[in-house]
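# Have a look at this prediction, sequence included:
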Amino acid sequence: MGVVNVTPDSFSDGGEWFEPSAAIKHGRELLAEGADLLDVGGESTRPGAERPAPAEEIRRVLPVIETLAAEGALISVDTMRADVAALALDAGAVMVNDVSGGLADPDMLGLVAQRGTPYVCMHWRGHSADMQQRAQYGDVVAEVIAELGERLEVIQQAGVDLNRVALDPGLGFAKNADHNWEVLRRLREFGVLGRPLLIGASRKAFLGRLLADEKTGEPRPAVRRDDASAAVSALAAAAGAWCVRAHAVAPSADAVRVARRWGAV
C-alpha cells in the first residue's frame with residue numbers, strides 16, 4: 001500500500017504532495033514502484049495534529065482519487081469521516097481505511113455496510129491531539145487484541161461482512177516506542193482475530209529513535225527511515241501480515257519479495 005498524503009503537515013513528507021497535481025504524479029510513481037493499492041488521505045494523524053474541516057479534507061482528496069482511479073489504480077481512502085468516505089467511493093475508491101475503527105464518526109460503519117466496501121479497522125483510543133496520553137497498558141498486545149475484537153463485534157452488528165474487514169494494530173497511535181516494538185515482536189498473536197493484518201510502520205518516530213545519531217542523540221529524519229521501514233516490511237511479511245503501508249514502495253516491495261522467496265509467506 002503506497003501512501004499518498006495530500007496534507008500540508010504530514011510528519012513523513014512535510015506536505016510535499018499537498019497540491020493535487022503533485023499527489024497524482026506521486027501516486028503514479030508509487031504504482032510504478034510496485035504498489036498494489038494507493039492510500040489517499042487528506043488529514044494528518046501525526047501526534048498533536050489539528051483536524052481539517054470536512055470540506056477541506058474533501059477538497060484535498062477528491063481530485064486525486066478521481067484521476068488515479070480513472071487510470072485504473074486501486075484506491076483506499078484514508079479517512080475517519082463517513083461523508084468523505086462516501087464521496088471518495090463515488091469518485092472511484094474501492095476501500096476505506098479508517099484509523100478510528102468507526103469510533104470517530106457514528107455513520108461510518110453504516111456507510112461501509114451499505115456500500116459493501118472493504119474496510120480497514122485500526123486500533124484507536126482517541127484523536128491525535130491527545131492520543132499519546134492514552135498510551136497506558138498492562139500487556140499492550142493482549143489489550144490491543146481485545147479492543148480490536150470488541151470493534152469486530154460492533155462492526156458485524158452494524159451489518160458489515162467481516163470477510164471484507166482487515167485490521168491494523170495502530171503502531172504509534174496511543175502507543176510509545178516500546179509498545180510498538182512489542183506489537184511487532186508478537187505480531188503472530190493477532191492471528192487469533194482471524195482477519196488480515198495491515199502494518200503501518202513506515203517512517204514512524206520509533207524508527208527514528210532507534211536510528212538516532214550516536215553523537216547528538218537526534219532521531220534520524222523521517223525521509224531517511226526507509227531502509228528500516230523496509231526491514232519491518234520483510235519481518236511483518238514473515239509474520240503473516242496481509243499488507244504493509246509504505247511511503248517508499250520499492251524498498252518494501254523488494255523486502256516482501258525476499259521474504260516470500262525465503263519461504264516465510
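Noted; the coordinates are in hand.

# Please enumerate the helices of the stretch 51-200 of the chain.
54-70, 82-90, 108-115, 140-157, 177-185 (DSSP state H, counting those that start in this stretch).

# Can you lay out those as JSON lines showing distance to C243?
For every residue, glycine as well, the C-beta is placed using N, CA and C. Converted to JSON lines, the helices of the stretch 51-200 of the chain look like this (distance: least, C-beta to C-beta, whole Å):
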{"stretch": "helix 54-70", "distance to C243": "18"}
{"stretch": "helix 82-90", "distance to C243": "19"}
{"stretch": "helix 108-115", "distance to C243": "18"}
{"stretch": "helix 140-157", "distance to C243": "16"}
{"stretch": "helix 177-185", "distance to C243": "15"}
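
# can I get those in a markdown table with mean pLDDT and distance to D254?
As requested, the helices of the stretch 51-200 of the chain are exported to a markdown table (pLDDT from 0 to 100; distance: least, C-beta to C-beta, whole Å):
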| stretch | mean pLDDT | distance to D254 |
| --- | --- | --- |
| helix 54-70 | 96 | 23 |
| helix 82-90 | 98 | 30 |
| helix 108-115 | 98 | 33 |
| helix 140-157 | 98 | 29 |
| helix 177-185 | 98 | 19 |
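
# Okay, now the unreliable bits of the chain?
Counting by pLDDT under 70, the low-confidence segments of the chain come to 9-18, 264-265.

# quick one: furthest residue from the center of it?
Seen from the C-alpha centroid of the chain, the residue lying at the greatest distance (C-alpha atoms, centre = their mean) is K215, 32.5 Å away.

# distance of it from V223?
K215 sits 20 Å away from V223, going by C-beta to C-beta, to the nearest Å.

# Equivalent analysis for S252, please.
For S252, the distance to V223 equals 15 Å [C-beta to C-beta].

# With neighbour numbers in mind, choose between these two.
Of the pair S252 and V223, S252 is the one with more neighbours under other C-beta atoms under 10 Å, namely 29 against 13.

# thinking that one is in contact with A228, fair?
No: under the criterion of C-beta atoms under 8 Å, S252 makes no contact with A228, lying 10.9 Å away.

# just checking, next helix/strand downstream of whichever strand or helix holds V4?
For V4, the enclosing helix or strand under DSSP states H and E is strand 2-5. Past strand 2-5, heading to the C-terminal end, the next element that is a helix or strand (DSSP H and E) is helix 20-33.

# Confirm A35 sits in a helix?
No: under DSSP: H, G, I helix; E, B strand; the rest coil, A35 sits outside any helix and is assigned coil.

# Who does the closest residue to it other than its chain neighbours form a beta bridge with?
The shortest distance from A35 to any residue other than its chain neighbours is 3.4 Å, reached at G2 (C-beta to C-beta, 6 or more residues apart in numbering). Residues in a beta bridge with G2, per DSSP bridges, are L38, A246.

# State the number of residues packed around G2.
Every residue meeting other C-beta under 10 Å relative to G2 is counted, giving 28.

# same question, P54
Taking other C-beta under 10 Å as the neighbour definition, P54 ends up with a count of 17.

# was I right about it contacting T79?
No: counting by C-beta under 8 Å, P54 sits too far from T79 to count as a contact (9.5 Å).

# any shared contact partners between the two?
By C-beta atoms under 8 Å, 6 or more residues apart in numbering, P54 and T79 have no common neighbours.

# How about the contacts made by A228?
Neighbouring residues of A228 by C-beta under 8 Å, 6+ apart: 207, 210-211.
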